[in-house]
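# sequence and predicted model, in that order:
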Amino acid sequence: MERISFKEIPNNVLEKLIGLENYINNSNLDITLLELMRLRVAQINGCAYCVDMHYKELKNLGETDLRLSTLVVWEETNFFTDKERAVLRFTEVLTTLNGKPISNAQYNDLSSFFINDEIITLTLAIAQINTWTRLMKTFQIEAGKYKVNH
């Protein structure tokens with residue numbers, strides 16, 4: 001049962017969140033890479049609404065069933081590029097901080113694929129989807145009804 005609906009979120013809050021989302025989506029970062037990261041965060045945080053949304057977004061972008069079904073075990077496959085693996089590794093570290101620092105090795109892994117501006121945007125994007133998953137879990141927004149805008 002939904003606790004809080006999207007309509008109940010104050011407009012200025014929703015506008016700011018969507019504004020940040022638009023900034024991230026219009027950055028130099030590849031949208032498929034962003035969606036893979038978002039789906040992985042949703043899986044880690046157990047957010048059914050966000051898993052549904054980002055799965056559908058990735059399908060719409062042409063992502064394969066094989067990669068979608070194995071994203072949860074990406075480290076055990078060879079279906080992801082080195083760049084995607086660096087992002088997924090950073091995504092997991094940043095999502096599950098547990099009071100631990102981000103190591104130089106983890107940062108250097110990213111910096112071999114991205115410039116500083118892109119790392120800043122990627123970090124912001126990971127923080128943003130973590131915010132969304134926490135909101136959706138708190139509000140108990142129902143999964144399964146998300147529709148991709150074409």
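Received the coordinates, thanks.
# please count neighbours and contacts with C-alpha atoms only from this point.
Will do.
# per-residue confidence at the residue nearest in space to the middle of the chain?
Residue closest to the average C-alpha location in the chain (CA atoms, centre = their mean): R38, at 1.5 Å. R38 carries a pLDDT value of 98.
# which stretch of helix or strand covers L88?
Here L88 sits within helix 82-95, counting by DSSP states H and E.
# so how far is that helix off the chain centroid?
11 Å (CA atoms, centre = their mean, to the nearest Å).
# just list what the longest helix along the chain packs against, helices and strands only.
Counting by DSSP state H, the longest helix found in the chain is helix 116-139. Under the contact criterion of 3 or more CA pairs under 8 Å, 6 or more residues apart in numbering; DSSP states H and E, helix 116-139 touches helix 11-25, helix 31-45, helix 48-60, helix 82-95.
# I'd say C50 and T133 touch.
Yes. When contacts are counted by CA atoms under 8 Å, C50 is listed as touching T133 (6.4 Å).
# neighbour count for these two, which is higher?
C50 (28 against 23; other CA atoms under 10 Å).
# against K83, how distant is that one?
23 Å (CA to CA, to the nearest Å).
# please apply the same query to F113.
For F113, the distance to K83 - CA to CA - is 6 Å.
# residue ranges with poor pLDDT in this structure?
Applying pLDDT under 70 to the chain picks out residues 150.
# give me phi/psi at L61?
Backbone torsions of L61, given as degrees, to the nearest 10, read phi -80, psi 0.
# and stretch 134-150, how far out from the chain middle?
Distance of stretch 134-150 from its chain centroid, counting by CA atoms, centre = their mean, is 14 Å.
# now that stretch - C-alpha only, CSV.
Extracted in CSV, the C-alpha atoms of stretch 134-150 (Å, rounded to 0.1, in the frame of the first residue of the first chain):
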residue,chain,number,x,y,z
ARG,A,134,15.3,5.6,-0.4
LEU,A,135,12.3,7.9,-1.2
MET,A,136,10.5,5.1,-3.2
LYS,A,137,11.1,2.5,-0.4
THR,A,138,9.8,5.0,2.3
PHE,A,139,6.8,6.1,0.2
GLN,A,140,6.1,2.5,-0.9
ILE,A,141,5.5,3.5,-4.5
GLU,A,142,4.0,0.5,-6.3
ALA,A,143,6.3,-1.3,-8.8
GLY,A,144,5.2,-2.5,-12.2
LYS,A,145,3.4,0.5,-13.4
TYR,A,146,6.3,2.5,-14.8
LYS,A,147,6.0,3.3,-18.5
VAL,A,148,9.0,4.5,-20.6
ASN,A,149,8.4,7.9,-22.3
HIS,A,150,9.4,7.7,-25.9
